[in-house]
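> Need coordinates for the following:
(chains A and B)
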Amino acid sequence: MLDLKFVRGNPELVREALAKRGSPVSLDDFLDLDEQRRDKLFIVEQMKSRRNIVSEEIGRLKKAGKETKDMILEMKELSQQIKERDEEIKVIEEKLQIILLNIPNVPHESVPAGSSEADNPVVRTWGEPRNFDFSPRPHWEIGEALDIIDFERGGKVTGARFSFYKGSGSRLERSVISYMLDLHTAEHNYVEIFPPFMVNRDSMVGTGQLPKFAEDMFKIEGTDYYLIPTAEVPVTNLYRNEILDGEKLPIYHCAYSACFRAEAGAAGRDTRGLIRQHQFNKVELVKFCRPEHSYDELEKLTANAERVLQLLGLPYRVVVLCAGDLGFSSAKTYDIEVWLPSYQDYKEISSCSNFEDYQARRAGIRFRNDKGKAELAHTLNGSGLAVGRTVAAILENYQESDGSVTVPEVLRPYMGGLSRIY
RNA sequence: GGAGGAGUAGCGAAGAGGCUGUAACGCGCCGCACUCGAAAUGCGGUUGUCAUGGAAGUGGCACGUGGGUUCGAAUCCCACCUCCUCCGCCA
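Numbers count the residues shown, from 1 in each chain, chains lettered A, B, ... in the order given. The predicted model follows:
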């Protein structure tokens, strides 16, 4: 959510910034409602002030045994008017809030122009895609052949875009999760969180999934709860409506969670394999910091996620999202894309974003600054990494001509010493 | 699921329709005094938000949340949420 006063004071700037995203929002209604609100507020506050003064006077007169009938009648009338005007203001404020909640974040000045994924500049590339002396197979074929992933029965037991891991596959998934968490906690100073996998509506609004993207979520019928699409939601909302001790910043958290996404509008995309499932595992990195540090923190966070791929020996590249491809709440995002032989291309495996104060304002996440004043924190997060896609990348990049898969060195301790799945 | 109890500032805690109750008192924190320095002590300060204003300031709102009663609500009424205790059930 943008600052109401900022939008009021800089409508042109906001219009331009949002046009860069390719979905310009009309601010005319907003500015008109804002003016109405302030006009009405000014009047009703004067009325309330009078009510307070006279009511106090009534108390004094009553105590002195004086006549107060006329004053009470007048105040009764005044209170009725106040009530009516308060209603009007409430309606206006609700409309304003809806508009404000549906305006995306303003892209950072360093974000390149562009309208789609195709316009995202490559920032850097790491590793060389392997040259296979045989025809490499996609991970879903490898997984099925080794009997370590079962897509067929996933469909039977639940439905499309669900799967079972089995045996070494199951252990590989678990190993990747543990490995990532151990790396981020031991070497990158993140404090591990194990969050709830369901959150209430306020949390979903806080991080920006709602109200705009309700169709992407799974909601638990008969409750106010949603299945989380990412651990970002519970972990960022950990400090919702709190004023943090400024000394405690920056706060680094990492969290494993299952993630649930309805994938509305993704019909026909990535229909095979682990790439796009309704339920997948992810290790998420979340940061809370002072505004002046958030862009340094974004670089560091991205580097922390890259480190996982480097240690796993998986080739990747980093792209910076152009304005048109930027997520709703984000001011700047780097995507890390891992090499997938089956796609003959790089595929997103992590998305690292600085939300600046956009989420913090929605969620009321503040800290006490050096002057003792409450100030909005900046929030960041990134995948560190998406586990299913990591497993897919391992299976494909480490496959051997005999159909077996070499276990990356760093994962072997987690695999009970297993060096090859066959 | 049933029966009780409780939610007030950073923390603890008082207040039970208007009477120095934006909120005592204690702790914490900041400043000043005393001191060579510190401790102890004393004095002062210490919520957020909205509106208005160049600023100083002025005003509105907020005592878990949302409604209601009243000229006036932290205080009375209703609903909901959270926490605690006991019972039942359960990994």
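> So which bits of chain A are right by RNA strand B?
A:4-5, A:38, A:41-42, A:45-46, A:48-49, A:51-52, A:54-56, A:58-59, A:62-63, A:72, A:75-76, A:79, A:90, A:243, A:372-374 (CB under 7 Å from any atom of the strand). No exception for glycine: its C-beta is placed from N, CA and C like everyone else's.
> could you flag which of those residues are buried?
Applying 16 or more other CB atoms under 10 Å to the residues of chain A next to RNA strand B, the neighbour count classes A:51, A:54, A:75 as buried.
> Which residue is the nearest non-sequential neighbour of residue A:361?
Using CB to CB, 6 or more residues apart in numbering and skipping the chain neighbours, the partner closest in space to residue A:361 is residue A:1 (4.8 Å).
> Around the closest residue to residue A:419 other than its chain neighbours, count how many other residues there are.
For residue A:419, ignoring the flanking residues on the chain, the nearest one in space by CB to CB, 6+ apart is residue A:407 at 5.4 Å. Using other CB atoms under 10 Å, the number of residues around residue A:407 comes to 21.
> isn't residue A:407 right next to residue A:399, touching?
No - taking CB atoms under 8 Å as the definition, residue A:407 is not a contact partner of residue A:399, at 11.7 Å.
> circling back: for the buried ones among the residues of chain A next to RNA strand B, could you give me TSV that also reports distance to residue A:319 and secondary structure?
Below are these laid out as TSV (distance: CB to CB, whole Å; DSSP: H, G, I helix; E, B strand; the rest coil):
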residue	distance to residue A:319	secondary structure
A:51	59	helix
A:54	65	helix
A:75	65	helix
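> Including pLDDT, could those go into CSV?
Below are these laid out as CSV (pLDDT from 0 to 100):
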residue, pLDDT
A:51, 90
A:54, 89
A:75, 89
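> from these, which is closest to residue A:183?
Ranked by distance to residue A:183 (CB to CB), those are led by residue A:51 at 61.8 Å.
> Contact partners for that closest one?
A:75, A:78-79, A:82 (CB atoms under 8 Å, 6 or more residues apart in numbering).
> Do a quick rundown of the helices in chain A.
Secondary structure of chain A (DSSP state H): helices at A:4-9, A:11-20, A:28-63, A:69-101, A:139-145, A:151-157, A:168-186, A:201-207, A:232-236, A:294-312, A:358-363, A:387-397.
> Save these as CSV, and put in distance to residue A:115 too.
Shown next, in CSV, are the helices of chain A (distance: least, CB to CB, whole Å):
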stretch, distance to residue A:115
helix A:4-9, 24
helix A:11-20, 10
helix A:28-63, 24
helix A:69-101, 24
helix A:139-145, 31
helix A:151-157, 34
helix A:168-186, 33
helix A:201-207, 25
helix A:232-236, 26
helix A:294-312, 23
helix A:358-363, 22
helix A:387-397, 25
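> Distance check, the residue lying closest to residue A:153 once chain neighbours are set aside against residue A:277.
Nearest non-adjacent residue to residue A:153, counting by CB to CB, 6+ apart: residue A:164, 5.7 Å away. From residue A:164 over to residue A:277 the distance is 11 Å, taken as CB to CB, to the nearest Å.
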